[in-house]
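[1] please work out how this folds:
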Amino acid sequence: MLNICFQCGLYRADKTIDGEKSIAICPECNYQHPFLQMPLLVVSGASGSGKTAVCNRLTGHIPQAILLDSDILWQKEFNQPDNNHQDFFETWLRVCKNISQSGRPVVLFGAGIGVPDNLENCIERRYFSEIHYLALTCDNEILSDRLQQRPTWRGTKNQAYIEEHIRFNQWFLNYNQDKTQPPITNLNTSTTSLKETTVSVTNWIHNILNHSTNHHFNP
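    The predicted structure follows:
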């Protein structure tokens, strides 16, 4: 439990981080808690872009990281649009932070989790050395066709739902025009097979892990 101080016992997520020494400093008693400051990798995209299919295909095949789908923690209690679902994003960062203490970073797949503003302002963001974003995108017509071809029980054939995710897909396509924001790597899946997309995502993951500096501590 990195948020609980081992000296004074208080729960404080807002610790001061010394990235060079990989320590979290308690704001109450100044206790220095050593930890592993790892990168977080996020694979996102609109519904129908292929992220869930890629996650299912890759899970268990990248031993250097832990792959998770963000939907597994979703509950109705997190549906809080008034605060931009902040509790959901803070919870996921806290989970990923604690998992990464095993020495392996997390690759997190999800839709809203891939919007940098949803993560970069979180209290728990400070515990990661970097967050890398990858968005799976495709042509809007192709996205519409994919959503309409899904089984009826998934509820993706509704025109309002389709238009919502076309807008979200377009948001990713336009995102990097603003150079002041954390960059998002764009991977267009319009004409690629699931196998080819999976290979591209795998290469993106390996490239980041091979070039990231993971800060280790001496217990």
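
[2] tell me, what residue is most central in this structure?
    Val42 (3.2 Å; CA atoms, centre = their mean).

[3] now do the same for that residue: its pLDDT.
    Looking at Val42, its pLDDT stands at 98.

[4] A helix includes it, no?
    No - with DSSP: H, G, I helix; E, B strand; the rest coil as the criterion, Val42 is strand rather than part of a helix.

[5] specify the beta-bridge partners of it.
    Per DSSP bridges, residues listed as beta-bridge partners of Val42: Leu108, Tyr133.

[6] that one and Ser22, how far apart?
    From Val42 across to Ser22, the span is 22 Å (CB to CB, to the nearest Å). The C-beta positions use only the backbone N, C-alpha and C, and glycine is treated the same way.

[7] can you count the residues close to the residue nearest to Asp18 when sequence neighbours are not counted?
    What sits nearest to Asp18 in space, not counting adjacent residues and going by CB to CB, 6 or more residues apart in numbering, is Ile25, at 6.5 Å. Neighbours of Ile25 under the rule other CB atoms under 10 Å: 17.

[8] phi and psi next, for Ile25.
    phi -100, psi 120 (degrees, to the nearest 10).

[9] quick one: contacts for it?
    15-18, 31-33 (CB atoms under 8 Å, 6 or more residues apart in numbering).

[10] and for Pro39?
    So Pro39 contacts 105, 128-132, 208-209, 212, 214 (CB under 8 Å, 6+ apart).

[11] out of those, name the ones that lie in helices.
    208-209 (DSSP state H).

[12] please pick the buried ones from the contacts of Pro39.
    105, 128-129, 131-132, 208-209 (16 or more other CB atoms under 10 Å).
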